[in-house]
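Chemist: below are the sequence and a predicted model for it; my questions follow.
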Amino acid sequence: LTTLLYGSETWVTYSSHIRLLERLHQRCLRTILQIHWSDLVTNVEVLEQAEIPSKEALIAKSQLRWAGHVFRMKDHRLPKIALYGEIRTGHRYRGAPKKRYKDYLKKTFTACNIDHQNWSDYAADRSAWRLISSKG
């Protein structure tokens, strides 16, 4: 899992990425637990049997933890500048724009029932943020 999710706190993951990660992880778990495809065991049952949350939940947890860490950094640090900065020049290609990290973080806040307007108030207190991010 550590190799599979290395650096996932900074990823902008699309549903196709999550689907590929889940597929690989399910294949590995089914091999470890010796579950054959003809046994007709669902993916949810495999995760329950292995007592492991889904990859999407693990990625969301690591991203929330990282966001709190970056918020508590000093203002001159590069990760904080990159998170709160805006691109002033450049162009985007036609079609739907690619998601930014901030956009995906807002989606994660919504999925975890965290108010994205006031998340910085929670993140200022490390122990409270750790509790909120793990609960979400």
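Modeler: Noted; the coordinates are in hand. This one's a predicted model, so the numbers in the text were calculated from it and none came from an experiment.
Chemist: in this protein, which spans are helices?
Modeler: 15-32, 43-50, 55-71, 78-84, 101-111, 119-124, 126-135 (DSSP state H).
Chemist: could you dump those helices to TSV with distance to residue 6 and mean pLDDT?
Modeler: Heads up, the C-betas are built off the backbone N, CA and C, glycines and all. Conversion of those to TSV gives the following (distance: least, CB to CB, whole Å; pLDDT from 0 to 100):
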stretch	distance to residue 6	mean pLDDT
helix 15-32	12	91
helix 43-50	20	91
helix 55-71	10	88
helix 78-84	17	82
helix 101-111	17	84
helix 119-124	23	84
helix 126-135	19	84
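Chemist: could these go into CSV alongside mean neighbour count?
Modeler: CSV is the format used below for the helices of the chain (neighbours: other CB atoms under 10 Å):
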stretch, mean neighbour count
helix 15-32, 14
helix 43-50, 14
helix 55-71, 19
helix 78-84, 13
helix 101-111, 16
helix 119-124, 16
helix 126-135, 14
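Chemist: ok, now which ones touch the residue in the chain sticking out farthest from the centre?
Modeler: In the chain, counting by CA atoms, centre = their mean, residue 38 sits farthest out from the average C-alpha position, at 32.0 Å. With contact set as CB atoms under 8 Å, 6 or more residues apart in numbering, residue 38 has no partners.
Chemist: now render the helices of the chain as a markdown table, adding distance to residue 1.
Modeler: A markdown table is the format used below for these (distance: least, CB to CB, whole Å):
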| stretch | distance to residue 1 |
| --- | --- |
| helix 15-32 | 8 |
| helix 43-50 | 11 |
| helix 55-71 | 7 |
| helix 78-84 | 24 |
| helix 101-111 | 19 |
| helix 119-124 | 25 |
| helix 126-135 | 16 |
